[in-house]
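S.K.: Task: produce atomic coordinates for the following.
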Amino acid sequence: MKTHNLTLFGIKEIRWSIHLLAVRQRLKTLAGIVVATNRKYIWKNLAGFCALITISLALAAWIADAESTKTGPNNKEIRQDACSRTSLDALNSCRTSAQSAYSLSLGNCDNIPDPGARKQCQQEALATLHQALQTCQDQFVARQQLCGLLGGGPYNPVIDPADFGGPIDNSYFPLIPGRTLIYEAHTVDGIKRNVVTTTHDTVQILGVTCVQVHDVVYLNGERIEDTLDWFAQDHQGNVWYFGENTLEISNGLVVSTEGTFTSGVNGAKPGIIMEAHPAIGDAYRQEFVLGTGEDSEQVVGLDKTVHVPYGTFNHCLEIKETTALEPTVIVHDFYAPGIGPVMSLESGERLELVQIVNE
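M.R.: Modelled structure (predicted):
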């Protein structure tokens with residue numbers, strides 16, 4: 001544990017040494033300018049140098065804040081378990097990425113000839129940096145809150161193929177090959193239609209035979225998402241989520257594959273999509289792909305009544321779904337016995353079951 005903390009401190013020390021060297025080089029450059037150029041040009045460079053100092057101080061404040069997250073009163077270390085260390089590592093990675101993006105933005109600003117437009121570019125880059133750093137901090141807080149729910153141990157589910165097999169017949173998440181569930185939502189952008197089909201296809205992941213589900217989202221009739229999800233049920237009745245291959249589509253072209261993962265590849269780990277015996281307060285990870293997929297679920301209701309166009313369902317399970325990557329996004333999903341998901345609520349959007357089609 002001490003080794004980890006010393007390593008973290010050493011990385012920051014090296015990073016700041018590099019940064020201070022850059023400041024020193026800027027000072028040398030300005031000294032040369034004093035001799036070689038006129039006063040007006042000097043003041044422009046001094047203004048740029050002042051901006052550099054401002055950013056340096058801002059970054060120093062953020063790093064000091066990171067240090068304060070791992071120390072308590074009297075500079076005593078707070079909990080440094082695997083979950084909290086993961087939160088800190090992700091925080092540092094996020095801040096480094098934000099600083100890197102800021103540096104690239106400044107490089108683009110440097111190539112704008114007009115001084116006024118260049119200054120505006122620099123100001124916008126700085127504002128974007130501040131927003132990115134705030135997002136990093138918000139994600140850190142969300143991860144720490146999840147650590148409080150799940151405990152501090154490392155997330156490392158043991159997957160033994162011998163523990164899986166047979167149909168997925170969990171009452172709240174039955175996957176019947178050939179069955180299609182169709183959902184609709186009226187959004188500010190138009191009518192969203194979600195078509196979810198359990199296929200007859202299977203995929204082998206970590207030695208486990210997973211059922212493939214085809215999930216397609218349409219907006220006003222145009223396909224905007226196309227995803228293949230992979231699930232398997234263990235012998236206790238828990239349904240596991242092993243990965244997805246997702247495409248985001250715009251004007252018929254694939255514009256992103258963000259969210260795609262396969263358990264066992266690049267550190268990705270499976271999670272539970274539905275427990276065998278849900279109980280109020282249960283919390284668990286749905287997936288674990290640090291920085292890419294960090295959805296988690298918590299059981300908040302066991303006997304809800306839900307009214308949707310397809311019908312009225314009693315004794316529904318309510319699950320709150322969150323992700324550390326978007327801490328302000330909260331989704332409430334409702335599952336009916338024998339059917340599966342029948343309604344999803346997110347930021348005023350109500351996605352409801354409207355039809356079931358069987359082969």
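
S.K.: Can you give me the distance of residue 251 to residue 270?
M.R.: Separation of residue 251 from residue 270 (Cβ to Cβ, to the nearest Å): 34 Å. C-beta: built from backbone N, CA, C; applies to glycine.

S.K.: which one of these two has more residues nearby?
M.R.: residue 270 (26 against 7; other Cβ atoms under 10 Å).

S.K.: Would you enumerate the residues in contact with that one?
M.R.: For residue 270, the contacting residues are 157, 159, 205-206, 240-243, 263, 287-288, by Cβ atoms under 8 Å, 6 or more residues apart in numbering.

S.K.: Filter these down to just the ones in strands.
M.R.: With DSSP state E as the criterion, strands contain 205, 240-243, 287-288 from among the contacts of residue 270.

S.K.: Touching, residue 176 and residue 196? I think so.
M.R.: No. Under the criterion of Cβ atoms under 8 Å, residue 176 makes no contact with residue 196, lying 11.7 Å away.

S.K.: out of the two, which sits in the busier spot?
M.R.: residue 196 (20 against 16).

S.K.: tell me the pLDDT at that one?
M.R.: Per-residue pLDDT puts residue 196 at 98.

S.K.: Run through the neighbouring helices and strands of the helix or strand hosting it.
M.R.: If you go by DSSP states H and E, residue 196 is part of strand 190-205. Judged by 3 or more Cβ pairs under 8 Å, 6 or more residues apart in numbering; DSSP states H and E, the packing partners of strand 190-205 are strand 180-187, strand 208-219, strand 222-233, strand 239-250, strand 349-357.

S.K.: Can I get that strand as CSV, trimmed to CA atoms?
M.R.: Provided in CSV are the C-alpha atoms of strand 190-205 (Å, rounded to 0.1, in the frame of the first residue of the first chain):
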residue,chain,number,x,y,z
GLY,A,190,-39.6,12.4,-32.1
ILE,A,191,-40.7,8.8,-31.6
LYS,A,192,-38.1,6.4,-30.4
ARG,A,193,-38.7,2.7,-31.1
ASN,A,194,-36.6,0.0,-29.5
VAL,A,195,-36.8,-3.6,-31.0
VAL,A,196,-35.2,-6.3,-28.9
THR,A,197,-35.0,-9.8,-30.3
THR,A,198,-33.6,-12.9,-28.5
THR,A,199,-31.9,-14.8,-31.4
HIS,A,200,-31.1,-18.4,-31.8
ASP,A,201,-27.4,-17.6,-32.0
THR,A,202,-24.9,-18.1,-29.2
VAL,A,203,-21.4,-16.8,-28.6
GLN,A,204,-18.6,-18.4,-26.5
ILE,A,205,-17.1,-15.9,-24.0
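
S.K.: Show me what counts as buried in it.
M.R.: For strand 190-205, burial by neighbour count (16 or more other Cβ atoms under 10 Å) applies to 192-198, 203, 205.

S.K.: Just want the angle from it to strand 222-233.
M.R.: 40 degrees (axes from the mean of the first three to the mean of the last three Cα atoms, to 10 degrees).

S.K.: Relative to strand 190-205, what are the paired strands and their orientations?
M.R.: Strand 190-205 pairs in its sheet with strand 180-187 (antiparallel), strand 208-219 (antiparallel), by DSSP bridges.

S.K.: Got the phi and psi for residue 290?
M.R.: Main-chain dihedrals, residue 290, degrees, to the nearest 10: phi -50, psi 120.

S.K.: Relative to residue 95, how far out is it?
M.R.: 15 Å.

S.K.: picking up where we left off before, out of the ones in strands among the contacts of residue 270, flag the one nearest to residue 310.
M.R.: Nearest to residue 310 among the ones in strands among the contacts of residue 270, counting by Cβ to Cβ, is residue 241 at 24.4 Å.

S.K.: which residue ranges form the strands in the stretch 251-359 of the chain?
M.R.: For the stretch 251-359 of the chain, strands defined by DSSP state E, counting those that start in this stretch occupy the ranges 253-256, 261-262, 269-274, 283-285, 287-288, 295-308, 311-323, 330-336, 340-346, 349-357.
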